[in-house]
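Student: the following block contains a protein sequence and its predicted model.
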Amino acid sequence: FDVIMTLIENHPIFHNESNNPQFAISLQLANFLVWAGHYVNAASCNDVAKWAGVWAGTVVLLTKRAVVTLISLHDMVMCKPTNEEKIKSKAYAGLKVCPSWQNSWFSVDGTIFPLFQKPNHFGDVIHQS
């Protein structure tokens, strides 16, 4: 959290000439992280608003600001995997996730991506260990 704060605190989206002060940057980032870190029933805008003690529209606004700042960090924090990392990732996907995916590029590091519906391609494939 502190590292991300250091990287985004000077972003212009958090600084303006308005007479209406913004929420603290730390609260804006925390709002986004709470919303992004939940899924299914706990992921509703209203639930995050209740947690934060703000209106649902405020949750959307604070989330948009945080996302804009995080996207601006893309070139600094994202890099293409090395060939060795690709080989390890594909082997892991073939062994632990779905053999049909091992020659594709998917998230296999345990990151959860809640989906509205199952994927059409390989949607019914279940890996059996």
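Tutor: In hand now; what should we look at?
Student: now do the most centrally placed residue in the chain against residue 5, distance only.
Tutor: For the chain, residue 36 is the residue whose C-alpha lies nearest the centre (Cα atoms, centre = their mean; 5.6 Å). Remark: distance between residue 36 and residue 5 (Cβ to Cβ, to the nearest Å) = 16 Å. To be clear about C-beta, it is placed using only N, CA and C from the backbone, and glycine gets the same treatment.
Student: check residue 103 too.
Tutor: For residue 103, the distance to residue 5 equals 39 Å [Cβ to Cβ].
Student: more neighbours: which of these two?
Tutor: Neighbours per residue (other Cβ atoms under 10 Å) separate residue 103 from residue 5, with residue 5 holding more: 12 against 9.
Student: surely that one meets residue 25?
Tutor: Yes - at 6.7 Å, residue 5 and residue 25 qualify as touching, with contact defined as Cβ atoms under 8 Å.
Student: so which residues of the chain form helices?
Tutor: 2-8, 25-36, 45-52, 56-72, 74-77, 83-92 (DSSP state H).
Student: hmm, who's touching the second one?
Tutor: Applying Cβ atoms under 8 Å, 6 or more residues apart in numbering, the contact partners of helix 25-36 are 1, 4-5, 8-9, 14, 22-23, 43, 45, 48, 51-52, 54, 59, 62-63, 65-67, 70.
Student: pull out the buried residues from that helix.
Tutor: Neighbour counts over helix 25-36 (16 or more other Cβ atoms under 10 Å) mark 25, 28, 29, 30, 31, 32, 34, 35 as buried.
Student: residue 50 versus the closest residue to residue 45 other than its chain neighbours, what's the distance?
Tutor: Take residue 45 and drop its neighbours on the chain: the residue closest to it by Cβ to Cβ, 6 or more residues apart in numbering is residue 56, 4.6 Å away. Residue 56 sits 9 Å away from residue 50, taking Cβ to Cβ as the criterion.
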